[in-house]
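[1] Sequence below, structure please.
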Amino acid sequence: MIVGPIVILSAFLGWPNAETAQEELQELAKNPTLSIALGGLFMTGIALLFTGLSISSRIIAEGGAKWSSLTAVSGILFPISIAVIMTSVGLNTGAVRLYATSIDNASAIHLIGYHITDVNGLAMGISFIALGIALLGRYEDLVRRIIGLLYLTIGSCHLIATFSEIDALTIVSWLGMFIVSIAFGVTVLRDQSNE
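    Reported below is the predicted structural model:
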């Protein structure tokens, strides 16, 4: 939960800032090796982050505290999000490789990969809301309750962004997800070192 967001953010730094899927593909195709490496880096970060969140969800669910059963939902939806994002990265990798020989086919494949994650905000939103409520219900310490409240807010932002065209909300939800997950990871590590 600490390394994953850092890896994702490093991949974002190299990703082209384009208005449309077609423009993004054109930029990615200029340096296919770097683009594929960035996709791999992004996927690695997502896998690390969402696996950590899924494991945390299952640990909280085992606690049997008030609302902890909600984390069963996040424990299932976080891995599904990994699969959806991996599919997107795989399609984008194929499109970048195909671009030199067939721009039309590459564009069609990239468009699918670009938009296949559109509904992923719904799964992520539900996951973070469930995790946030469970953290609020299970823990008494202020830090975890604040993290739970922030996850609840982040989940709400993901849900709203799924059904709206507010780009700033998407950015806030992703950056918030990274920052709060790093903080959550630090609290988990701190607790493990105290045991």
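[2] Where does the residue sitting nearest the centre point of the chain fall, secondary structure wise?
    Residue closest to the mean C-alpha point of the chain, counted by CA atoms, centre = their mean, is Ile46 at 5.6 Å. If you go by DSSP states H and E, Ile46 is part of helix 32-62.
[3] May I see the buried residues of that helix?
    Going by neighbour count (16 or more other CB atoms under 10 Å), the buried part of helix 32-62 is 32, 35-36, 38-39, 41-50, 52-54, 56-57, 60-61. For the C-beta atoms, the positions are set from N, CA and C on the backbone; glycine is no exception.
[4] just checking, the residue nearest to the centre of the chain touches Leu9?
    No: counting by CB atoms under 8 Å, Ile46 stays clear of Leu9, with 11.7 Å between them.
[5] what packs against the helix holding Ile46?
    Secondary-structure packing of helix 32-62 (3 or more CB pairs under 8 Å, 6 or more residues apart in numbering; DSSP states H and E): helix 3-14, helix 71-98, helix 120-138, helix 167-194.
[6] if you set the cut-off to 6 Å instead, what comes out?
    helix 3-14, helix 71-98, helix 120-138 (3 or more CB pairs under 6 Å, 6 or more residues apart in numbering; DSSP states H and E).
[7] Now do that helix against helix 167-194, angle only.
    Angle of helix 32-62 versus helix 167-194, following axes from the mean of the first three to the mean of the last three CA atoms, to 10 degrees, is 60 degrees.
[8] Tell me how far helix 32-62 lies from the chain's centre.
    Here helix 32-62 is found 7 Å from its chain centre; the criterion is CA atoms, centre = their mean, to the nearest Å.
[9] Next, the angle helix 120-138 makes with it.
    Using the same axes, to 10 degrees: helix 32-62 against helix 120-138 is 30 degrees.
[10] one step back: pretty sure the residue nearest to the centre of the chain sits against Ala83.
    No: the pair Ile46 / Ala83 is not scored as a contact, 10.3 Å apart, by CB atoms under 6 Å.
[11] and the helices and strands packed on helix 32-62, which is most packed in?
    Each of the helices and strands packed on helix 32-62 was scored by mean neighbour count; the highest is helix 120-138, a mean of 23, by mean count of other CB atoms under 10 Å.
[12] Leu111 and Asp118: what is the separation?
    Leu111 is 11 Å from Asp118, where distance means CB to CB, to the nearest Å.
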